[in-house]
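Engineer: Show me how the following folds:
(one chain, ligands or ions: 2)
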Amino acid sequence: MEKSSKIFVAGHRGMVGSAIYRKLQKEGYQNIITRTSKELDLRNQQAVADFFAQEKPDYVFLAAAKVGGIVANNTYRADFLYENLAIQNNVIHQSYLNGVTKLMFLGSSCIYPKMAPQPLKEDYLLTGTLEPTNEPYAIAKIAGIKMCDAYRDQHGCNFISVMPTNLYGLNDNYHPENSHVLPALIRKFDEAKNNGSKEVVIWGTGSPMREFLFADDLADACYYLMENYSEPTLINIGTGEDLTIKDLALAVKETVGFEGELVFDTSKPDGTPRKLMDVSKLHKLGWKHQIELREGLKLAYQDYLSKK
Ligand SMILES: NC(=O)C1=CN([C@@H]2O[C@H](COP(=O)(O)OP(=O)(O)OC[C@H]3O[C@@H](n4cnc5c(N)ncnc54)[C@H](OP(=O)(O)O)[C@@H]3O)[C@@H](O)[C@H]2O)C=CC1
Ligand SMILES: C[C@H]1O[C@H](OP(=O)(O)OP(=O)(O)OC[C@H]2O[C@@H](n3cnc4c(=O)[nH]c(N)nc43)[C@H](O)[C@@H]2O)[C@@H](O)[C@@H](O)C1=O
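Structural biologist: Ligands and ions are numbered 1, 2, ... in the order given. Now for the predicted structure:
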């Protein structure tokens, strides 16, 4: 990318999009274009066509999506399927029609089969049954990967797909029901500390394992791959390290300074037992994460406190 290239960051107000925007600004890019969902609803085919025809971006980071945690994914199944398919169909197709030089599509680690061997290699895609709680979201993301591949095959488009692990960071969603586990726990422990509660409820058994990457590290990897990766296959982005939800809860408890007990609500779903990314392909390309979980937790908690 040239410093003067016109770069569309779709979803720039979200956790990932805002981190990509910060990274591009830091690198000195001067022509970054953005739209809120109110200004441009990416589900609207005509509006997206008009926007691309008018703006003619050179590069696209597709970080706009319907996103949420395990309960949101399982509750709003139709919305997760429809909205994600609509957004990515419109953005990818218009990127092709308007001659975008390169597009990056963001998928997710939930595209891999529920019981796939660990760590998850890129070629495990479509080798088994998906985790039911987020199957609609995963199906949309798999369609996005296949769309990038097909547009590359048929039309020669340089469209790449990256698969981030579970993320956290600045501008995260702290909704009590719809958020992901890490921001949900920050909020729950902070509220319990301030209310003088004796316990915090953790969903599920606490035994599932998850890997967490700080969103600014993800943005750094996205930028690196936009500059250095143009292969026709997906690539994982993660730390290659995971922990149980119980251990995550203990780490958040310590970060927040809550002194009570953990209680496990097993009426809530555990989801996938484990989804640890194989990041050997990414490491071979020369990229590794910088921000370790303990440090990232402190940064995320400060961000939460500054906004509540
Ligand atoms: N968070 C995570 O743990 C993970 C996220 N990802 C992927 O990373 C990407 C970004 O996720 P994240 O930043 O967490 O999500 P957020 O919910 O924080 O942000 C999503 C962004 O998408 C925009 N958006 C949603 N719907 C529309 C629409 N109809 N039209 C235009 N814009 C829309 C929103 O815009 P606005 O604010 O203007 O309404 C928002 O800024 C997604 O593709 C997600 O699947 C992958 C793995 C893990
Ligand atoms: C990134 C990824 O995120 C989603 O998958 P997930 O990893 O299963 O999502 P999660 O972060 O919401 O939960 C992780 C684990 O944590 C447990 N858990 C405990 N207590 C809370 C809690 O309070 N809130 C939440 N949300 N989970 C909790 C929860 O029961 C589960 O065992 C996908 O749908 C999809 O969006 C996707 O791609």
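
Engineer: going forward, measure contacts between C-alpha atoms and count neighbours the same way
Structural biologist: OK.

Engineer: What ranges does the chain have for its helices?
Structural biologist: Using DSSP state H, the helices found in the chain span residues 15-26, 45-55, 70-75, 77-97, 135-155, 181-195, 215-228, 245-256, 280-285, 293-307.

Engineer: Take the ones you listed and write them to a markdown table, including distance to ligand 1 and mean pLDDT.
Structural biologist: Compiled in a markdown table, the helices of the chain are given as follows (distance: least, Cα to the nearest ligand atom, whole Å; pLDDT from 0 to 100):
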| stretch | distance to ligand 1 | mean pLDDT |
| --- | --- | --- |
| helix 15-26 | 4 | 98 |
| helix 45-55 | 9 | 98 |
| helix 70-75 | 11 | 97 |
| helix 77-97 | 6 | 98 |
| helix 135-155 | 8 | 98 |
| helix 181-195 | 9 | 98 |
| helix 215-228 | 8 | 98 |
| helix 245-256 | 14 | 98 |
| helix 280-285 | 16 | 98 |
| helix 293-307 | 13 | 97 |
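
Engineer: Dump those helices into CSV; add mean neighbour count as well.
Structural biologist: Putting these into CSV (neighbours: other Cα atoms under 10 Å) gives the following:
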stretch, mean neighbour count
helix 15-26, 21
helix 45-55, 15
helix 70-75, 19
helix 77-97, 20
helix 135-155, 20
helix 181-195, 20
helix 215-228, 20
helix 245-256, 19
helix 280-285, 14
helix 293-307, 16
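
Engineer: who touches His180 in this structure?
Structural biologist: Under the criterion of Cα atoms under 8 Å, 6 or more residues apart in numbering, the contact partners of His180 comprise 68-70, 173.

Engineer: Residue in the stretch 1-150 of the chain with the shortest distance to ligand 2?
Structural biologist: Ranked by Cα to the nearest ligand atom, the top residue of the stretch 1-150 of the chain for proximity to ligand 2 is Gly69, at 3.3 Å.

Engineer: Tell me, how many residues neighbour that residue?
Structural biologist: Residues near Gly69, counting by other Cα atoms under 10 Å, number 20.

Engineer: Now do the same for the nearest residue to it once chain neighbours are set aside: its pLDDT.
Structural biologist: Excluding the flanking residues, the one nearest Gly69 by Cα to Cα, 6 or more residues apart in numbering is His180, at 4.0 Å. pLDDT recorded at His180 is 98.

Engineer: my read: Gln236 touches Lys284, true?
Structural biologist: One thing to correct before we go on: residue 236 is Asn, not Gln. No - using Cα atoms under 8 Å, Asn236 is not in contact with Lys284, being 11.9 Å away.

Engineer: Now the two most distant members of the contacts of His180.
Structural biologist: Greatest spatial distance in the contacts of His180: Ile70 and Asn173, 13.2 Å, computed using Cα to Cα.

Engineer: For the residue nearest to Thr133 when sequence neighbours are not counted, give me its contacts.
Structural biologist: The spatial neighbour of Thr133 that comes closest, neighbours along the chain excluded (Cα to Cα, 6+ apart), is Asn74 at 4.8 Å. With contacts defined as Cα under 8 Å, 6+ apart, the neighbours of Asn74 are 132-134.
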